[in-house]
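1. structure for the following, please:
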Amino acid sequence: MMQTNPAHYRGNDLGLARLWVHECMRIFYDRLIFDEDRELFMNFLKNGMKEFSDFKEEVLLENPLIYTSFISAAEGHEKSYLSIRDLTQLKNVLEQKLAEYNENVSSMNLVLFD
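-> I've put the predicted structure just below:
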């Protein structure tokens, strides 16, 4: 969350709340390997989301729940940590960057998936 530009979230309470949920999911949930731990984490997360009482749980967890800074940079804008709404755009940028890497550095045979 420290990589965000406050101007992008000023007056955007939903965007900030979703960013918080995204960060919790990426930092904690993605590292859990047991279903019981994932379920326990989701209970903790949902309890924490009660602080954002202006928004329904479904809205806070709505997919895609992805924030990144490399899309804005790839479009030639200032690097900004923003929500991704268009998964096709995300896929295109990732494939383009992978192709650039393969041409300039070393060939990586990566498979990109959701």
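2. average pLDDT across the helix or strand where K46 lies?
-> Using DSSP states H and E, K46 maps to helix 35-49. Computed over helix 35-49, the mean pLDDT rounds to 96.
3. buried residues in whichever helix or strand comes after that helix?
-> Next along the chain after helix 35-49, taking DSSP H and E as the criterion, comes helix 57-60. Of the residues in helix 57-60, L60 count as buried by neighbour count, 16 or more other CB atoms under 10 Å. Every C-beta, even on glycine, is put in place using the N, C-alpha and C of the backbone.
4. which neighbouring elements make contact with helix 57-60?
-> Secondary-structure packing of helix 57-60 (3 or more CB pairs under 8 Å, 6 or more residues apart in numbering; DSSP states H and E): helix 13-27, helix 35-49.
5. just how off-centre is the last one within its chain?
-> Yep, that's helix 35-49 we're talking about. In terms of CA atoms, centre = their mean, to the nearest Å, the centre of helix 35-49 is found 18 Å from the chain centre.
6. what's the helix or strand for N102?
-> Counting by DSSP H and E, N102 is found in helix 87-104.
7. please name the residues that touch C24.
-> C24 is in contact with 45, 48, counting by CB atoms under 8 Å, 6 or more residues apart in numbering.
8. swap in 6 Å and give it another go.
-> Residues in contact with C24, defined by CB atoms under 6 Å, 6 or more residues apart in numbering, are L45.
9. now stretch 92-109: buried residues?
-> 93-94.
10. related to what we said a few turns ago, chain center to the helix holding N102: distance?
-> With CA atoms, centre = their mean, you get 17 Å for helix 87-104.
11. quick one: average confidence on that helix?
-> Rounded mean pLDDT across helix 87-104 is 89.
12. so what touches that helix?
-> By CB under 6 Å, 6+ apart, helix 87-104 touches 64, 71, 74, 84, 112.
13. pLDDT at G15, what is it?
-> Confidence score, pLDDT, at G15: 93.
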